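Novice: Structure for this input, please:
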Amino acid sequence: MTLRFSVLASGSTGNAFFIESGDERILVDAGLSGKKMEGLMEQVDIDPASLSRILVTHEHSDHIKGLGIMARRYNLPVYANEKTWQAMEGQIGKLSLDQKFLFGMEEVQTFGGIDVESFAVSHDAADPMFYTFHQDGKKVALVTDLGYVSERIKKTVEGADAYVFESNHDVSMLRMGRYPWNVKRRILGDSGHVSNEDAALALTDIITDQTKRIYLAHLSLDNNMKDLARMSVSNILEERGFELGTKVALYDTDPAEATPIFEV
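Specialist: Predicted coordinates:
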């Protein structure tokens, strides 16, 4: 059995992640309209009707915009922690009781041979958490929407085969950009988003010989660019002695284009 995944969409306009093994097909978040979600899945030949379940990270609309529609249309069970359920209830429309499941913080649940571990992040949502996926010694870590990468998170996600890792903004672009100061302060704060430089520094602490791919995720449309994020992260990793291209490779993600399915 192998883990296969695609970053269906990533960015400030919408986020969704797909991971599968055998017959188990998990969608994490559904931050675009139902129609767009289906279009993204079509790009990588995934039939939405074959999904097993949806896991939710937090209640911000760029993560749950299409959640209710997808869950109702395909009769999918939805998993979130208690505070996230309370916070998103009014945004996702009605779901039947047998579609609502709890996934607690710092918990492991197993779905079709995939062990899914949740961990807390610092972000301005009710009770935000992300996930690592484990199977047969393989590990994929999903780490976005956080103001800083704590030592606890580093311990949880270190040594993954693949990372989907936030590289939200370039600090200079953000500081000089058009956002009002209160928004800039939120993004730069401990409950905001990780910058290119901070992403790279955190990655130097957690990637190991097992790590093959890093997908730079949740890039701001206004305060970052793919080339800039890649260059900033590459420079710091290479300065710290990591061989990019041979041992580990950086990949882009996009708010409107799914990454090709990768088998871990």
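
Novice: And the contacts of stretch 157-164?
Specialist: Stretch 157-164 is touched from outside by 5, 7, 10, 17, 119, 132, 138-144, 203, 205-208, 210-215, 217, 253, 262, 264, with contacts defined as Cβ atoms under 8 Å, 6 or more residues apart in numbering. Every C-beta, even on glycine, is put in place using the N, C-alpha and C of the backbone.

Novice: Endpoint to endpoint, it covers what distance?
Specialist: 11 Å (Cα to Cα, to the nearest Å).

Novice: Which positions in that stretch come out as buried?
Specialist: 157-158, 160-164 (16 or more other Cβ atoms under 10 Å).

Novice: And the furthest pair within these?
Specialist: Of all pairs drawn from the buried residues of stretch 157-164, the widest gap by Cβ to Cβ lies between Glu158 and Val164 and measures 15.0 Å.

Novice: Just the mean pLDDT for stretch 123-133, thanks.
Specialist: Per-residue pLDDT values over stretch 123-133 give a mean of 97.

Novice: coming back round to it: emit the ChimeraX select command for whichever of the contacts of stretch 157-164 are buried.
Specialist: In ChimeraX, the members of the contacts of stretch 157-164 classed as buried (16+ other Cβ under 10 Å) are selected with the following command:
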select :5,7,10,17,119,132,138,139,140,141,142,143,144,203,206,207,211,213,214,215,217,253,262,264
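
Novice: Number of residues surrounding Met173?
Specialist: The local packing of Met173 (other Cβ atoms under 10 Å) involves 16 other residues.

Novice: That one looks like it's in a helix, true?
Specialist: Yes: when the secondary structure is assigned by DSSP: H, G, I helix; E, B strand; the rest coil, Met173 falls within a helix.
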